[in-house]
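**Student:** mind looking at a prediction? Sequence and model below.
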Amino acid sequence: MSHLPTRRRRSGFTLIEMMIAVSVLLLVFAAAVPFFRVQARSVAAHAGRNDAQQNARFAMSAIDRDLRVAGAGIVVQQPMIVLADEFAVTFNADLVSADTADPGAVYFDPSADPLGTTVLPNTRQITLPNTSQSYPSMTYMQGTAGGGSALPSRAETISYWMALDSATARNDDYVMWRQVNDLTPTIVAKGLIVPSGDQPFRYFTTDSLGASREIPASQLPLVHRAPVHGANDDTASSALTDSIRNVRVRLTSIFSDARGDSAVRSVEGSIRLLNSGLTKFSACGEPPLGPSLAAVAGTTAGGQPFVRLTWVPSIDESAGERDVERYAVFRRSPTSSDWGEPFASIPAGLATYSFDDLGVVAGESWVYGLISQDCTPASSSVSSVGPVTLTP
């Protein structure tokens, strides 16, 4: 008897089942794709709103850090607030120094541009932001013993202002700029908007009872036009800038996604001017008495010429008012009467004082000067020696 092989039934999907499965899968994708798209847009919008918030906060932090120390290290004749405008503020402060012995600077930065670490001279005037006013009309100098003017003020001029962003089509999109003295302005933040009727900078003074009072926008801009703070002509708008105690800053940042949806975030804060209203007395008393300077030319073992300066310290360092904090060294040509900026600074408190000037060449002649400086800062008159001639 023969037996035929038995065929086993194979399992599988029918065409109808496959069509149903594909249809269900398509329905799932049709529902999932919009969901994930919405989620992606939500994440992007959330990140954009955070970026807008951080942008406004960064700009606020930058101006708060600088403006709250306005007036630090300024000399008596130098105004604290120079310009108060709805969209700009300019002030003086000894904010940054590359000199470790500078007693008045708020911050130390060894890489700072030397043109941005001292007073803005009237030979390098700037135009105040959003005005046609030039500043300064004089170079502010530190007080010295005997009424001389050996050192310029160490306080630089800092400006913050908002200007329309020419790279966008919006008429309310602004860029915040920062400038120190006449150096190239730098961008603090972009994407800042100013809604119609909004005022980024508001200024407050105090009345006779000590209550805060806002200076109306109709009185802005205020410019300290009087060259000398506290002089007889320091009245009207100049005097009003001197009375500013607080600056209210409101910054609004915007984020726009690819669909054109916008997220707006605002940051507002009051910046108290810590040095406003403080009478600028000589905190260290009278300007210090000067040191006694001597100089001798020589040559190193390697043949490098140098001038060695030695001096007897000021009497006011270890006696008298005991307030000398540093000595500043100057050098000028015998044909010049201008000492300019000091090229070296030596902190006080040493047992003996000596400084070698290695930046000289055989055959040159130089006149050297030295001053002592207290914490006011006020300076002594210049003790000079020379001309010192280096033998070829």
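**Tutor:** In hand now; what should we look at?
**Student:** look up how far Ser380 lies from the closest residue in space to Ser314 that isn't next to it in sequence.
**Tutor:** With sequence-adjacent residues excluded and distances taken as CB to CB, 6 or more residues apart in numbering, Ser314 is closest to Ser372, at 4.0 Å. C-betas here are computed from N, CA, C, even on glycine. The gap separating Ser372 from Ser380 is 5 Å, by CB to CB, to the nearest Å.
**Student:** can you check Ser111 too?
**Tutor:** For Ser111, the distance to Ser380 equals 30 Å [CB to CB].
**Student:** just Asp198 next, same as before
**Tutor:** Counting by CB to CB - Asp198 and Ser380 are separated by 51 Å.
**Student:** go on, Trp311?
**Tutor:** Using CB to CB, which is the criterion applied here, Trp311 is 11 Å from Ser380.
**Student:** what is in contact with these two at once?
**Tutor:** Pro291 (CB atoms under 8 Å, 6 or more residues apart in numbering).
**Student:** of those two, who's got more company?
**Tutor:** Comparing Trp311 with Ser380 by other CB atoms under 10 Å, the one with more neighbours is Ser380, at 26 against 23.
**Student:** for burial, what's the neighbour tally of Ser134?
**Tutor:** Neighbour tally, Ser134, other CB under 10 Å: 11.
**Student:** quick one, what contacts it?
**Tutor:** Gln125, Ile126, Thr127, Leu128.
**Student:** pretty sure the second one contacts Tyr135?
**Tutor:** This means Ile126. Yes - Ile126 lies in contact with Tyr135 (CB atoms under 8 Å); the separation is 6.0 Å.
**Student:** could you list the low-pLDDT ranges of the stretch 251-392 of the chain?
**Tutor:** Scanning the stretch 251-392 of the chain for pLDDT under 70 picks out 255-262, 277-285, 301, 376-377.
**Student:** where along it do the strands fall?
**Tutor:** 262-272, 292-299, 305-312, 324-332, 344-347, 354-357, 365-374, 383-389 (DSSP state E, counting those that start in this stretch).
**Student:** where do the contact lists of Ser372 and Ser380 overlap?
**Tutor:** Joint contacts of Ser372 and Ser380 (CB under 8 Å, 6+ apart) are Pro288, Leu289, Gly290, Pro291, Ser314.
**Student:** most neighbours, which of those?
**Tutor:** Of all the shared contacts of Ser372 and Ser380, Pro288 has the most neighbours under the rule other CB under 10 Å, reaching 31 neighbours.
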